[in-house]
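Trainee: this is the structure alone, sequence omitted:
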């Protein structure tokens, strides 16, 4: 071998060693970053470590750190700290990752604290200006919902492709959301954005019941106990970017890595406590005269239930008034009846009160409606329920959603079906699944009849017959007498579909309309 060849090999070996040493240094720096206090890593070191995170082609950002920590006190009050470090790669990333937003409910939470810094490619640092933090109603744009919830939004300075952002917010409860127990869910992973390191830490008094569970990843926490407190640490490591979800996935198919936690000793304790709240408000005396009039002459239980439900549908519209603890507690039924509006828990509690006044046992049931991933059956607590309906035991038992004013008695909307529900009564020991209607019961049948004349225009009659969950939707859409907008919409459809010159309306127009074709 020539001297030049040997020299080339030595140089190659040295280069490999230098590269390996650099990678080891970055790996060591990264490991130190996971353990370092937030905002303590020097800007240059943090920028270099964040820049070393590999990303697939087309990614708009990469995340170095995604950490969540929950600390509980003896009363179950929570302090939650969310910490993230990411690098912006593209202009689209700069436009989508340029702010922080966090909400809170003043009746049981303090105003969140926000902190952030932006590190430029030259390692200069821009701190978040606290005077740019805005405060607005959390649900200001929500349909028919009014609350005192708040949301903070803060723009990051100097955002552009190539910067590294470190951001943190802290939420602190002043009172527990629900004293008997809380349940929460942490979702890890990002669509098409890789995350180098994710971690969840739970710290609680040893006397507090703390349970955790995971979805998608079979993770076991590292447990430590000292000074009367228990710490559970989940280290998820690297998570690749997640492909966009396909629509209509089964409800039990997890897409993201999730860690659920709860502090409730039992579902029975949760049900008994919420039952006390409902029972304290469900005084039948003020509504007895109304109920007696509604059920007069009716013998069958279903007849009485239908009469009461029809009255409630007519007299009380859906409107959420969720100030203070009313976010989870129902208003007094008499209040709801007098004001003629209420949200799901208000209408459910009023319906329970009126059914009991008719001698029909009834209970409020809490569930998480519509969302794909359901409430974890093995983790008791309040925090993931977002809807209230009514359970009426018997043969048959009825489940009633008092907010679906056009559903038939016992017909639940699709979002309520097959969901884990907590029936608020003392004997409840676990969640139960709400009934699911068979596919044959939910049909949208369309028929078209064409009448051809000897000459001249033909006539087409189109009929739509909805059943099950579709029937309620159609009743809602066509509840009022057809106005100009409805007529114009149907006229445009018929003329476009059948190239019709004239549209004739049947009475009522809801199920049938006719068009004359050329």
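Mentor: Perfect, I can see it now. The shown structure was predicted, so the numbers you read here are calculated from the model rather than taken from an experiment. Residues are numbered from 1 along each chain as shown.
Trainee: and the pLDDT at the residue sitting nearest the centre point of the chain?
Mentor: Taking CA atoms, centre = their mean, the centroid of the chain lies closest to residue 371, which sits 6.1 Å from it. What the model reports for residue 371 is a pLDDT of 70.
Trainee: ok, residue 36 next?
Mentor: We have a pLDDT of 88 for residue 36.
Trainee: ok, back up a step: skip the chain neighbours and tell me the closest residue to the residue nearest to the centre of the chain.
Mentor: In this structure, residue 371 finds its nearest non-sequential neighbour in residue 386, 7.7 Å apart by CB to CB, 6 or more residues apart in numbering. In short, each C-beta sits where N, CA and C put it, glycine included.
Trainee: now residue 393
Mentor: By the measure of CB to CB, 6+ apart, the closest residue to residue 393 outside its immediate chain neighbours is residue 361, 5.9 Å from it.
Trainee: and that neighbour, what does it touch?
Mentor: Shown in contact with residue 361 (CB atoms under 8 Å, 6 or more residues apart in numbering): 355, 392, 393, 394.
Trainee: which secondary structure state is assigned to the residue nearest to the centre of the chain?
Mentor: coil (DSSP: H, G, I helix; E, B strand; the rest coil).
Trainee: make sure residue 325 is indeed in a helix.
Mentor: Yes - per three-state DSSP, residue 325 lies within a helix segment.
Trainee: measure how buried the closest residue to it other than its chain neighbours is and give me the count.
Mentor: Spatial nearest neighbour of residue 325, chain neighbours left out: residue 107 (5.8 Å); criterion: CB to CB, 6+ apart. Around residue 107 sit 18 other residues, with neighbours defined as other CB atoms under 10 Å.
Trainee: which helix or strand contains residue 107?
Mentor: Using DSSP states H and E, residue 107 falls within no helix or strand.
Trainee: domain map for the protein?
Mentor: 1-35, 40-265, 268-436, 441-517 (automatic domain parsing).
Trainee: give me whichever of the ones you listed is most buried.
Mentor: domain 268-436 (a mean of 19; mean count of other CB atoms under 10 Å).
Trainee: returning to what we had before: any idea how far the residue nearest to residue 371 lies from residue 375?
Mentor: 10 Å (CB to CB, to the nearest Å).
Trainee: can you check residue 57 too?
Mentor: Where residue 375 is concerned, residue 57 sits at a distance of 39 Å (CB to CB).
Trainee: and residue 96, by the same measure?
Mentor: Distance, residue 96 to residue 375, by CB to CB: 31 Å.
Trainee: what's the pLDDT at residue 247?
Mentor: 73.
Trainee: kindly report the same for residue 406.
Mentor: Reported pLDDT for residue 406: 85.
Trainee: my read: it touches residue 477, true?
Mentor: No - applying CB atoms under 8 Å as the test, residue 406 and residue 477 come out as separate, 9.2 Å apart.
Trainee: in the sheet, who's paired with residue 63?
Mentor: On the basis of DSSP bridges, residue 63 is bridged to residue 86, residue 195.
Trainee: for the remainder of this discussion, apply numbering that starts at 560.
Mentor: All set: I'll call the first residue 560, so the last point we hit is now residue 622.
Trainee: help me confirm that it comes into contact with residue 614.
Mentor: No - using CB under 8 Å, residue 622 is not in contact with residue 614, being 9.6 Å away.
Trainee: intersection of neighbour lists for those two?
Mentor: Counting by CB under 8 Å, 6+ apart, the residues touching both residue 622 and residue 614 are 752, 753.
Trainee: show me where the stretch 960-1077 of the chain dips below the pLDDT cut-off.
Mentor: The stretch 960-1077 of the chain contains residues with pLDDT under 70 at 1040-1041, 1060-1061, 1063-1077.
Trainee: where does pLDDT dip in this structure?
Mentor: The model of the chain has pLDDT under 70 over residues 560-590, 699-702, 1040-1041, 1060-1061, 1063-1077.
Trainee: for it, what spans make up the helices?
Mentor: 562-594, 602-610, 650-655, 826-840, 847-854, 860-874, 892-898, 903-916, 1028-1036, 1043-1057 (DSSP state H).
Trainee: of all those helices, which one comes closest to residue 678?
Mentor: helix 602-610 (4.8 Å; CB to CB).
Trainee: report all helices and strands that the closest one contacts.
Mentor: Applying 3 or more CB pairs under 8 Å, 6 or more residues apart in numbering; DSSP states H and E, one finds that helix 602-610 contacts helix 562-594, strand 620-631, strand 637-647, strand 672-678, strand 723-731.
Trainee: check the offset of it from the chain's centre.
Mentor: The chain centre lies 35 Å from the centre of helix 602-610; the measure is CA atoms, centre = their mean, to the nearest Å.
Trainee: and the angle for that helix with strand 723-731?
Mentor: If you take axes from the mean of the first three to the mean of the last three CA atoms, to 10 degrees, helix 602-610 sits at 90 degrees to strand 723-731.
Trainee: show residues contacting helix 602-610.
Mentor: Helix 602-610 is touched from outside by 585, 588-589, 592, 600, 621, 623, 644-646, 676, 678, 680, 682-684, 723, 725, with contacts defined as CB under 8 Å, 6+ apart.
Trainee: quick one, that helix and strand 672-678 angle?
Mentor: Going by the same axes, to 10 degrees, helix 602-610 makes 90 degrees with strand 672-678.
Trainee: so what's the closest residue to residue 883 other than its chain neighbours up against?
Mentor: Once flanking residues are discounted, residue 883 sits nearest to residue 666: 4.2 Å by CB to CB, 6+ apart. For residue 666, the contacting residues are 707, 734, 882, 883, 884, 886, by CB under 8 Å, 6+ apart.
Trainee: quick check: the gap between the residue nearest to residue 952 and residue 852.
Mentor: Plainly put, residue 920 is 21 Å away from residue 852 if you go by CB to CB.
Trainee: ditto for residue 1013
Mentor: Distance of residue 1013 to residue 852, computed by CB to CB: 60 Å.
Trainee: ok, now residue 831?
Mentor: The value you get for residue 831 to residue 852, if CB to CB is used, is 34 Å.
Trainee: partners of residue 1025 in the sheet?
Mentor: Per DSSP bridges, the residues bridged to residue 1025 are residue 1003.
Trainee: touching, it and residue 1002? I think so.
Mentor: Yes - contact status for residue 1025 versus residue 1002: in contact at 7.5 Å, counting by CB under 8 Å.
Trainee: what's next to stretch 982-991, contact-wise?
Mentor: Applying CB under 8 Å, 6+ apart, the contact partners of stretch 982-991 are 825-827, 830-831, 833-834, 836-837, 922-925, 934, 936, 950, 979-981.
Trainee: quick check: end-to-end length of that stretch?
Mentor: 8 Å (CA to CA, to the nearest Å).
Trainee: ditto for stretch 973-992
Mentor: Taking CA to CA, the first and last residues of stretch 973-992 lie 13 Å apart.
Trainee: same question, stretch 815-830
Mentor: End-to-end span of stretch 815-830 (CA to CA): 30 Å.
Trainee: before we move on, back to that, what separation do you get for the residue nearest to residue 952 and residue 951?
Mentor: Computed as CB to CB, the residue 920 to residue 951 distance reads 7 Å.
Trainee: need the residues touching each of the two.
Mentor: Going by CB under 8 Å, 6+ apart, residues that sit against residue 920 and also against residue 951 are residue 914.
Trainee: which stretches of the stretch 660-809 of the chain form strands?
Mentor: 672-678, 684-686, 693-696, 704-706, 709-714, 723-731, 742-747, 754-764, 770-774, 781-785, 788-798 (DSSP state E, counting those that start in this stretch).
Trainee: and the contacts of stretch 930-942?
Mentor: Stretch 930-942 has contacts (CB under 8 Å, 6+ apart) with 736-737, 739-744, 770-772, 774, 808, 810-813, 817, 819-826, 828-829, 833, 887, 926-927, 943-945, 978-979, 989-990.
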